[in-house]
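Asks: got a sequence here, can you model it:
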Amino acid sequence: MSKRPIYEELEKRIEELEQTISERKRSQEALRENTERFWLFTGNASDIMQIAASEGVILYGSPSVQHVLRHKPDEFVDQISTDLVPLDYLPLVPKNFEGAKHAPDRPVVVEPRCKHKDDRWRVINNVVIYAEQAMPKGGVIQVKAAHLLLNDSNTLRLEPDAYTHIAIKGQDVGIAEKYRPIIFAPYVTTKQEGICLGLVTVYSIIQKHHGAITVESTLGAGRTFHIYLPASNSIIPEKNEGGLIPGHDRILVMDNEAPLRRMLGRMLKQLDYDAEFAERRAEAIAMYEKAKKSGTPCDTVILDLVV
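Replies: Numbering: from 1, shown residues only. Purely as a prediction, here's the structure:
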């Protein structure tokens, strides 16, 4: 009996195994590379980026969450997306999640407004949104702030103290006189769209902070919301931004992704570094050797993760 067929079958199996191992290594390298790009992209993005499960539970929040909404990124994790969205935008969230579930290969962009950790910021946000929605043909919204001292005889029924007065004026058609006393009640609206719970939220937040809100309006001449919040007596420390630290070193960057090379190029140029770029490993080695022989060697080399 010939043993040749057995050897041939064994060689075939070994080749298949080697191919499977090679494909798995390439997949792992691609996954590692894509993961690095994801962290680089989300870590430097100014917009808030989230990863959420199909039922709306947040699995990841980008570092920009802390800068924009004052939440720490880990405070976002395990929360329900709908808990972070104002009531006016609540109906949009389930609709977009349903769209994402039924078309998993198609990106779905969801851009609801999120709640700020300090709810006093929501006051300004909600009033500006209300003013914007009351101007379907567009217009100008003016926001002014001033320091104000109230005495015992103030008509706002506030404790005599120092307050911050914020005036938000919109160029809309105004509010009829019969609606002004009830403008902060639920479901009362002069808008064409929206469920109108934003001003109810505003009123509740201001009351909680021992402030007041009034509306001044003439039909046909717009409206102005006047917000009064207790002023803080604490001294705001000066921020030391630190700024960018320029350098003059020579840097060699090797990466096979052109967008990444361009991004690094802009960053390094802004910092006054002398940077050179290579797409492939052999090209980078040649450039490094050439710089070394010319007497101006590279001070730093930045390489692609999978090199």
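Asks: show me the helices in the stretch 151-300 of the chain, by range?
Replies: Under the criterion DSSP state H, counting those that start in this stretch, the stretch 151-300 of the chain contains helices at 198-208, 258-270, 281-293.
Asks: can I get these in CSV with mean pLDDT?
Replies: CSV is the format used below for the helices of the stretch 151-300 of the chain (pLDDT from 0 to 100):
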stretch, mean pLDDT
helix 198-208, 81
helix 258-270, 81
helix 281-293, 89
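Asks: can you check which of these gets nearest to Val215?
Replies: Val215 lies closest, by C-beta to C-beta, to one member of the helices of the stretch 151-300 of the chain: helix 198-208, at 8.9 Å. Just so you know, the C-beta spots here come from the backbone N, C-alpha and C atoms, and that holds for glycine as well.
Asks: packing partners of the closest one?
Replies: Helix 198-208 sits against helix 119-133, strand 212-217, strand 223-230, with contacts defined as 3 or more C-beta pairs under 8 Å, 6 or more residues apart in numbering; DSSP states H and E.
Asks: and the angle from the shortest one to helix 198-208?
Replies: Between the axis of strand 212-217 and that of helix 198-208 there is an angle of 140 degrees, by axes from the mean of the first three to the mean of the last three C-alpha atoms, to 10 degrees.
Asks: turn the helices and strands packed on helix 198-208 into TSV, columns for mean pLDDT, mean neighbour count and distance to Asn151.
Replies: Output for those, formatted as TSV (pLDDT from 0 to 100; neighbours: other C-beta atoms under 10 Å; distance: least, C-beta to C-beta, whole Å):
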stretch	mean pLDDT	mean neighbour count	distance to Asn151
helix 119-133	75	19	24
strand 212-217	89	18	15
strand 223-230	91	20	13
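Asks: export those to TSV and tack on distance to Gly139?
Replies: Formatted as TSV, the helices and strands packed on helix 198-208 follow (distance: least, C-beta to C-beta, whole Å):
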stretch	distance to Gly139
helix 119-133	9
strand 212-217	14
strand 223-230	11
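Asks: which of these sits closest to His165?
Replies: strand 223-230 (5.7 Å).
Asks: show me what the closest one is in contact with.
Replies: Defining contact as C-beta atoms under 8 Å, 6 or more residues apart in numbering, one finds that strand 223-230 is touched by 120, 123-124, 127, 131, 134, 148, 150, 156, 158, 161-170, 172, 174-175, 206, 209-217.
Asks: do that again at 7 Å, thanks
Replies: 120, 123, 127, 156, 158, 161, 163-170, 172, 174-175, 206, 209-217 (C-beta atoms under 7 Å, 6 or more residues apart in numbering).
Asks: one more: stretch 281-295?
Replies: Stretch 281-295 has contacts (C-beta under 7 Å, 6+ apart) with 252, 254, 276, 278, 297-298, 301, 307.
Asks: so how far is that stretch from its chain's centroid?
Replies: 41 Å (C-alpha atoms, centre = their mean, to the nearest Å).
Asks: that one: which residues count as buried?
Replies: 284, 287-288, 291 (16 or more other C-beta atoms under 10 Å).
Asks: restricting to C-alpha, output it in CSV.
Replies: C-alpha atoms of stretch 281-295 as CSV (Å, rounded to 0.1, in the frame of the first residue of the first chain):
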residue,chain,number,x,y,z
ARG,A,281,8.6,50.6,6.3
ALA,A,282,11.3,50.4,3.7
GLU,A,283,10.8,54.0,2.8
ALA,A,284,11.0,55.0,6.5
ILE,A,285,14.3,53.1,7.0
ALA,A,286,15.8,54.7,3.9
MET,A,287,14.8,58.2,5.1
TYR,A,288,16.2,57.5,8.6
GLU,A,289,19.5,56.3,7.2
LYS,A,290,19.8,59.2,4.8
ALA,A,291,19.2,61.7,7.6
LYS,A,292,21.7,60.0,9.8
LYS,A,293,24.4,60.1,7.1
SER,A,294,23.7,63.7,6.3
GLY,A,295,24.5,64.8,9.9
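Asks: longest helix in this protein, please.
Replies: helix 4-44 (DSSP state H).
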